[in-house]
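Visitor: just the structure for this:
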Amino acid sequence: MKVKFYSIIMLLLLVAVYFFRYDGIQEHISNENRQQVIQEPETSNTSSLIKRSVVGDQTQVIPNQCNDLIELLEPQVNWYQKKQLIQDLLVQLDESNVSRKVIDQVLIDAGIGISRGHRFLRGDDLKNVTSLVGEDTGFINFEQRKLIAELLQDSDVEKLLSLYINGHIPQDKMILLGQKLYSPVQLFLTILKKQPDEDIEAEAIIAINELMAVKVPVYFSDLIESTTKGFSVVILQLLNDHYVGDTNQVFYYQENIHTLATLAAQSEIVESAGYWLAEGVTPSPLKYRENALDYVAKINDAPLLESFVSLLLKYGIIPNKKNTSLLIKQKLSGEYLQSHPEVIAKFDYQSLSKHEKDIRDEAVSNIFSKAIAGLKDDGACLSSFKLKKKFVGNIFSLEDKEKSEQELLAVNFDSSKFEQQLQLLRQKELEKYEVDKSSEKSNELIATPKQQKTTKRVAQLLKQGDWQTALAERLEYVELSEQEQLNVSFVFALLANADSQQLITLIEQGAEINPNLFATIIDKCDLEVLQSLYRHGYDFHFVDSMGNNAITAAVGGKKLNSLNFLLNIGVTPDPATGLNAPLSKAISELYFYPEDIRYVDALVNGGATITDFHKQYVASFAKKKKELYTKLVTLYPQLKI
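Guide: You can find the predicted model right below:
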């Protein structure tokens, strides 16, 4: 009978403990730890009054007469002052280099909440994120691009090297192939990665050394490429030795925020992570966002995860995401946890040292003091720990409750309606384009069979790059004046992808250029050709029947040098509105190519008119492309709806 009675008592105690622990887990702090503070001797400088007010009252029930106290208090002007004082205390605590565990427990105990507190403390930390666009160094020309594309397809490292060594390809220009932008080093890394594994390192070392010998620069994006592609530490070191700049940069990569160390962690390459950490690269890009431990928590290979955890713990970081600790501990083997007790200590958010508890209690007490200062009460209400937490929470959430109309519009923006509008606009543009194509086709049908045959022959010669022969054959059927011959020569040379110098020579000889060719010139030619035209009196202000101008062509053709040049000489960035505006085109490209934000940057800073259509376009990214949306409205607040 005694055993049965004892069992019932134990069962009830277990149930009670469970509910107390469950409540503690929800707040990330257990009552057991708080009770330990009460039982510990008063050895710190913190007064017993603080300990009683902060810790002893946590389980108090709010008196009935106090239930509506906070609700009855309308926000006062001094609430904003109180909030500022509380924020100042949090900043001081954050800058004192106390552990994240302490800060998180202060946020919970004071009633601010972890999510809201982190959001405040990280502030506008996105301004510290570097764009990977880098400096605009220009691009190689069409002929060079065509040659490189062939060598890339054949994986011909030796021929490609000879082009750079002999100066046939500019050492400092980027290569745009399809939709992918390569630096010279990235081009070689891409080819080398196609080689058998045993050949990669030796060939990479030779290729990089030869490139460096002819002054090919190493860009930060090269360090990223070599890290994500899994090249050895030897290659990372070689590239880093020739890189001039800060390796400890925080940057966007595939919509995540990274450093080279976290990128290696996400790529699950422990050797690379170890190298970058040893080089002083931080494992935590931004203090209150995902860090290296949060990324490695997704690794399912236990030995690899253990290697990462052992490495990262040496650098004193703890997870930034609340679920990471539990996830990692579940994946680590029992043997590893037993032999590495520091893992449990580091990852246990509910365990604080005596000194850390004192810091927590004093911080919470100070926050409460700022919040309740000036309130009249008989003591029964404001002595309640829970009521003080609720009061602080209300004060700290003032901005959340009073969001501006602009913020509410962004949150509630119906992107589906905007997408339907986009579809209609695209359909109209397509119909307009088809009408123009039909008109061109009608003109072709009017031509005589002989003219059609000649035209096909000329087109074939131009495709082969032989514009002089094409011109000669055309002159057999058409009589042209000297000026007309010069004009046609330029057109044929342009269509045959002649190099810039040939085109510039024809311009200097007096070729007259039809403004309808501007888009083709921008698409096919280097900046030097545009500059030559400008020197000879062409201002690029022409707008075609579709509402396109030279700016539109530069954005569509991904010609940043040309875009900046055109903006600088005063070409309007607003030749059209709606979907056809250059800024609209630049924004739409970001959905698939977020690195092309440099075109948005050039247009916004170049004076492009920002309309409601542009703001709605950006707002349509808010749900599906949240990081992109955040980046855009942070860099360009005028794009916020």
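
Visitor: my read: Tyr629 touches Phe621, true?
Guide: Yes. Assessed by CB atoms under 8 Å, Tyr629 is found in contact with Phe621 at 4.1 Å. For the C-beta atoms, the positions are set from N, CA and C on the backbone; glycine is no exception.

Visitor: outline the domain layout of this structure.
Guide: Domains of the chain are assigned by automatic domain parsing as 44-129+352-401, 134-282, 415-446+513-639.

Visitor: out of these, which comes closest to Leu475?
Guide: Closest to Leu475 of those is domain 415-446+513-639 (CB to CB; 19.2 Å).

Visitor: let me know the average pLDDT across that closest one.
Guide: The average of the pLDDT scores along domain 415-446+513-639 is 80.

Visitor: same thing with stretch 195-208?
Guide: For stretch 195-208, mean pLDDT rounds to 80.

Visitor: quick check: phi and psi at the residue nearest to the spatial centre of the chain.
Guide: When CA atoms, centre = their mean is applied to the chain, the residue found nearest the centroid is Tyr252 (3.2 Å). In terms of degrees, to the nearest 10, the main-chain angles of Tyr252 are phi -80, psi 140.

Visitor: that one against Pro594, yeah?
Guide: Yes. Counting by CB under 8 Å, Pro594 is a contact partner of Tyr252 at 7.1 Å.

Visitor: who touches both of those two?
Guide: Lys631 (CB atoms under 8 Å, 6 or more residues apart in numbering).

Visitor: helices of the stretch 201-350 of the chain, start to end?
Guide: Secondary structure of the stretch 201-350 of the chain (DSSP state H, counting those that start in this stretch): helices at 220-228, 233-242, 260-266, 270-278, 292-296, 302-313, 324-331, 334-339, 341-347.

Visitor: where does pLDDT dip in the chain?
Guide: 1-77, 124-139, 178-179, 197-199, 255, 345, 348-350, 376-382, 399-455 (pLDDT under 70).

Visitor: change it to 50
Guide: For the chain, applying pLDDT under 50 flags the ranges 1-59, 72, 133-136, 400-409, 433, 435-452.

Visitor: not counting its neighbours along the chain, what's nearest Asn516?
Guide: Sequence neighbours aside, Asp544 is the residue nearest to Asn516 in space, at 6.5 Å (criterion: CB to CB, 6 or more residues apart in numbering).

Visitor: so the one you found, which of the three states?
Guide: coil (DSSP: H, G, I helix; E, B strand; the rest coil).

Visitor: which non-adjacent residue is nearest Ala273?
Guide: Computed as CB to CB, 6+ apart, the closest residue to Ala273 that is not its neighbour in sequence is Ala264, at 3.9 Å.

Visitor: these two touch, right, Glu271 and Ser232?
Guide: Yes. Contact criterion CB under 8 Å: Glu271 and Ser232 qualify, at 7.4 Å.

Visitor: which one of those two is surrounded by more residues?
Guide: Ser232 (17 against 13; other CB atoms under 10 Å).

Visitor: just give me the neighbour total for the residue nearest to that one when sequence neighbours are not counted.
Guide: Spatially, and ignoring its direct neighbours in sequence, Ser232 is nearest to Glu201 (5.5 Å; CB to CB, 6+ apart). If you count neighbours by other CB under 10 Å, Glu201 ends up with 15.
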